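1. have a look at this prediction, sequence included:
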Amino acid sequence: MEDFVPAGDVTGMYSCGPTVYAYPHLGNMRPYVFADTVRRALRWKGIEVRHVVNITDVGHAVSDADTGDDKMEVAAARERRSVLEIAEFYTGVFFDDLKALNVLPAAEYPRASAYIPQMIEFAADLEKKGYTYLLPSGLYFDTANDPRYGELAQLHAEGQREAARVEQVQGRKNKTDFALWRTEEPGRRRVLRWDSPWGWGTPGWHLECSVMSIALLGPHFDIHTGGIDHRELHHVNEIAQSEAFLADGKPWVRYWLHNEFLQLGGAKIAKSAGGAPRLADLTEAGYHPAAFRLFLLGGHYRSQLDFTAAAMDAAQATLKRLVARIQPLRPLPVIETLADTAASNADPRTLDLIDAAISNDFNTPQLLAALQDALRDALRDPAITPDGLRTVTAAADALLGLGLAALDPADLETRRAAGRLTDQERHDIEQLVAERTQARKEHDWPRADQIREELDARGVQVTDTPHGPAWQLR
């Protein structure tokens, strides 16, 4: 354990963003809630952060080991829409989920497709320095040229190669070698394609994060975050190509922070598994998005979390209890930094507990416990003043990001009750949605509008998606 000291006046922070080919599921959202926690913790310490989150709209193959079709092209064919439409739709859903979870906006959300020329220049530089070799399938980074390859994953170079995911690429020298550029197969024209010194094709998945982070944060920056699944493949490849490109003998990134998986029935939640729940599924079932955030914060980011209905019920109940207890304290002061509390009459012991919790490897479970203890003690100890408790609550929530100051217990109760539709009520709603879909197919717009008005009266919101209409209760 060591104290974090920014390298400069502004802390550069990069988070691996989504590949926007499908709906983000609950497991996908954990890294962004965690990255948000990191940002709030640094803000609390008075440290300015420039945060960059990429949007992968090209380059991510079906196999993470650079083989197969591009995920964006597969999604476009599946939904019979253009790649641009797929990217825009699912990027919008991602942003909606970030907003619902009260995640602070990043400074930049660069699209991979906007940086293709820079990626080609980056790969050409590596080729010039002798780090690559060319195959009919593309330009590959030779990991044998990097004696420190795999250190992030705590494996020596040979161990990393033995542990590598095995997908056969004809001519590849080492199992860990990865594509910087993937060329088109002879006689097959891709939808996503750019000309390059190595032929028409697309960049490798790992290339974009190195190129965009260096372009927007400089050659070296402080913090890189992502899910634990990136540590053994994506991030070690980012390091290898970036440090070869920079060639200055310095570590590319100072700190790497990885959150653990969200488990569903003992298995990692992943889109490929099918049926993974989304944030919209929770809200339809009556849970507030803040309850899911609270559920995530209730576990340490380096611990796996088991997602269950019982766990969500507990999180919703805890959220409701917190809001009920702070409602008499409103309005809360604006507290974002530790310095903001200096002139308050808040209990210094509780502020110390809050500060110690977030300072100790972002220990949000301890921080939550400190807030709950303070609210509980205030019911029994008349010496705890309302003004002091307001400051403590605002400080804790600035770090937790639950938005407690604006939440209403009645709203939480309404949402939870709405999730308990009877089977007949659910059947009636689905029947109306189906009738509206049929009316739209028949261009019977008056009937479609009439049904939408009826659904509105029932408190049902209908959203037309590439997969058909989706509904949820307001």
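-> Structure's in. What do you need?

2. which secondary structure element of this structure has the lowest mean pLDDT?
-> helix 157-163 (a mean of 52; mean pLDDT, DSSP states H and E).

3. next structured bit after that helix?
-> Scanning forward in sequence from helix 157-163 by DSSP states H and E, the next helix or strand is strand 178-183.

4. okay, that following strand in PDB with CA atoms only?
-> Presented in PDB, the C-alpha positions along strand 178-183 are these (Å, rounded to 0.1, in the frame of the first residue of the first chain):
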ATOM      1  CA  PHE A 178      -1.600  -9.800 -31.100                       C
ATOM      2  CA  ALA A 179      -2.900  -8.000 -34.100                       C
ATOM      3  CA  LEU A 180      -2.100  -4.300 -34.600                       C
ATOM      4  CA  TRP A 181      -3.900  -4.400 -38.000                       C
ATOM      5  CA  ARG A 182      -6.300  -7.100 -39.300                       C
ATOM      6  CA  THR A 183      -6.400  -7.300 -43.100                       C
END
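
5. which strands or helices does it pack on?
-> helix 116-128, strand 138-141, strand 201-203, helix 205-217 (3 or more C-beta pairs under 8 Å, 6 or more residues apart in numbering; DSSP states H and E). In short, each C-beta sits where N, CA and C put it, glycine included.

6. quick one: contacts of the shortest one?
-> Outside strand 201-203, the residues that touch it by C-beta atoms under 8 Å, 6 or more residues apart in numbering are 58-59, 70, 112, 116, 119-120, 123, 138, 180-184, 190, 192-194.

7. now, of those residues, which are buried?
-> 58-59, 70, 112, 116, 119-120, 123, 138, 180-183, 190, 192, 194 (16 or more other C-beta atoms under 10 Å).

8. ok, those vs residue 430, which is closest?
-> The nearest member of the buried ones among the contacts of strand 201-203 to residue 430, counting by C-beta to C-beta, is residue 70 at 34.7 Å.

9. hey, what's that closest one bridged with?
-> residue 61 (DSSP bridges).

10. can you check the pLDDT for it?
-> pLDDT, residue 70: 80.

11. quick one: the helices in the stretch 1-150 of the chain, in order.
-> 26-44, 71-79, 83-100, 116-128 (DSSP state H, counting those that start in this stretch).

12. give me the buried positions along stretch 316-328.
-> Those would be 316, 318, 319, 320, 322, 323, 325, 326, for stretch 316-328 by 16+ other C-beta under 10 Å.

13. let me see the contact set for the nearest residue to residue 105 once chain neighbours are set aside.
-> Spatially, and ignoring its direct neighbours in sequence, residue 105 is nearest to residue 98 (7.7 Å; C-beta to C-beta, 6 or more residues apart in numbering). Listed by C-beta under 8 Å, 6+ apart, the contact partners of residue 98 are 29, 32, 105.

14. buried ones among those residues?
-> When the contacts of residue 98 are checked for burial by 16+ other C-beta under 10 Å, the buried set is 29, 32.

15. TSV for the contacts of residue 98, including pLDDT and distance to residue 252?
-> Shown next, in TSV, are the contacts of residue 98 (pLDDT from 0 to 100; distance: C-beta to C-beta, whole Å):
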residue	pLDDT	distance to residue 252
29	98	27
32	98	22
105	98	25
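
16. any chance of CSV for the contacts of residue 98, columns distance to residue 43?
-> CSV is the format used below for these (distance: C-beta to C-beta, whole Å):
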residue, distance to residue 43
29, 21
32, 16
105, 13
